[in-house]
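Undergrad: Here's my sequence, what's the structure:
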Amino acid sequence: MLSNRLNLSIKNLFFLFAIGVFFLTIVTILLNAININDCQCDVSCNRNVFFDEFKEQSELEFKVNRLAVIIPFRERFNQLLQFIPHMSAFLRKQNISHQFFVINQVDNYRFNRGALINVGFLIARNRSTYIAMHDVDLLPLNEQLSYRFPSDGPFHISAPHLHPKYNYRTYVGGILLMQNEHFQLVNGFSNRYFGWGLEDDEFYARLKEAHLKIYRPENISTNKSNTFVHLHDPNIYKRDTAKLFNQREVFFPL
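TA: Coordinates of the predicted model:
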């Protein structure tokens, strides 16, 4: 009787020992699997080092630099209704800290783009580190167009080889990014130009006189036909697109 009990106890011990070995084996396999997964995760993370660094740099710039988008404006509410949501989404994708300044001309004189930009800068300069002088009728489509801080110098986004209408070498209108200190260095725009044109040509002369190199987008995958949407209709805004009879004399005084 005692012998039978001993045999039963030994069998139970062997059974428990076998179960213990089985569970230990399962736990070991699971731990190895977890370690393997951890290694795979490390490898996949290393593959994304570039993107992580880019994100960190972008987040740092978001904290350090702030863009003031200055929009010289009059009676173009339909265009403004398209401009604000489009540009908000466009700048958010580039993680640009920004604020819009719509400078509205309410008098009966012809449109004075330069004076409006000057007013916008005076309002925005203490809330920003750089500005974008931005026509309300020009919307960028290509996300390769960077609105980041122009650390090297003025950055002309709507370059002559990309603008749907203007293609002369000295053109700096449309969309131009500048550091606040550079805008102050050239003393902003002239206030003397009413009507269409020449204020940006004179501004180009100011940039050259201050020895500021103008940078433009390079290696862009689009061209003049599909880089921007140009909402401009001269048939609707005939008065503001007309030049003054003596505008050339104002620009080139005798």
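Undergrad: The stretch 1-150 of the chain: strands as residue ranges?
TA: Counting by DSSP state E, counting those that start in this stretch, the stretch 1-150 of the chain has strands at residues 67-73, 98-104, 130-134, 138-140.
Undergrad: for the third one, packing partners?
TA: The one in question is strand 130-134. Applying 3 or more C-beta pairs under 8 Å, 6 or more residues apart in numbering; DSSP states H and E, we find strand 130-134 packed against strand 67-73, helix 113-124, strand 175-179, helix 180-185. The way it works is simple: take the backbone N, C-alpha and C, and place the C-beta from them, glycine included.
Undergrad: Serialize these to TSV and add fields for mean pLDDT.
TA: Output for these, formatted as TSV (pLDDT from 0 to 100):
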stretch	mean pLDDT
strand 67-73	99
helix 113-124	98
strand 175-179	99
helix 180-185	98
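Undergrad: Save those as CSV, and put in mean neighbour count too.
TA: Below are the helices and strands packed on strand 130-134 laid out as CSV (neighbours: other C-beta atoms under 10 Å):
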stretch, mean neighbour count
strand 67-73, 24
helix 113-124, 21
strand 175-179, 23
helix 180-185, 16
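Undergrad: can you list these in JSON lines and add distance to P154?
TA: Output for the helices and strands packed on strand 130-134, formatted as JSON lines (distance: least, C-beta to C-beta, whole Å):
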{"stretch": "strand 67-73", "distance to P154": "14"}
{"stretch": "helix 113-124", "distance to P154": "13"}
{"stretch": "strand 175-179", "distance to P154": "5"}
{"stretch": "helix 180-185", "distance to P154": "6"}
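Undergrad: Show me where the stretch 151-254 of the chain has its strands.
TA: For the stretch 151-254 of the chain, the strands defined by DSSP E, counting those that start in this stretch occupy 155-156, 175-179, 228-230.
Undergrad: Any idea which of these gets closest to N126?
TA: Closest approach to N126 among the strands of the stretch 151-254 of the chain is made by strand 175-179 (14.4 Å; C-beta to C-beta).
Undergrad: Parallel or antiparallel, which strands does the closest one pair with?
TA: Each strand paired with strand 175-179, and its direction, by DSSP bridges: strand 130-134 (antiparallel), strand 155-156 (antiparallel).
Undergrad: okay, those strands, which one's buried deepest?
TA: Stretch with highest mean neighbour count among these: strand 130-134 (a mean of 25; mean count of other C-beta atoms under 10 Å).
Undergrad: Which of the strands of the stretch 1-150 of the chain sits closest to F203?
TA: Among the strands of the stretch 1-150 of the chain, strand 130-134 sits nearest to F203 (C-beta to C-beta), with 8.9 Å.
Undergrad: quick one: contacts of that closest one?
TA: Applying C-beta atoms under 8 Å, 6 or more residues apart in numbering, the external contacts of strand 130-134 come out as 65-72, 87, 117, 120-121, 124, 147, 149-150, 157, 174-180, 183.
Undergrad: Export only the CA atoms of it, formatted as PDB.
TA: Taking C-alpha atoms only, strand 130-134 is exported to PDB below (Å, rounded to 0.1, in the frame of the first residue of the first chain):
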ATOM      1  CA  TYR A 130      10.000  87.600 -41.500                       C
ATOM      2  CA  ILE A 131       7.300  88.600 -44.000                       C
ATOM      3  CA  ALA A 132       5.700  87.400 -47.100                       C
ATOM      4  CA  MET A 133       4.500  90.200 -49.400                       C
ATOM      5  CA  HIS A 134       1.700  88.200 -51.100                       C
END
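Undergrad: Next, the angle from that strand to strand 98-104.
TA: Orientation note: strand 130-134 sits at an angle of 50 degrees relative to strand 98-104 (axes from the mean of the first three to the mean of the last three C-alpha atoms, to 10 degrees).
Undergrad: what sits against A159?
TA: The contact partners of A159, by C-beta under 8 Å, 6+ apart, come to 216-217.
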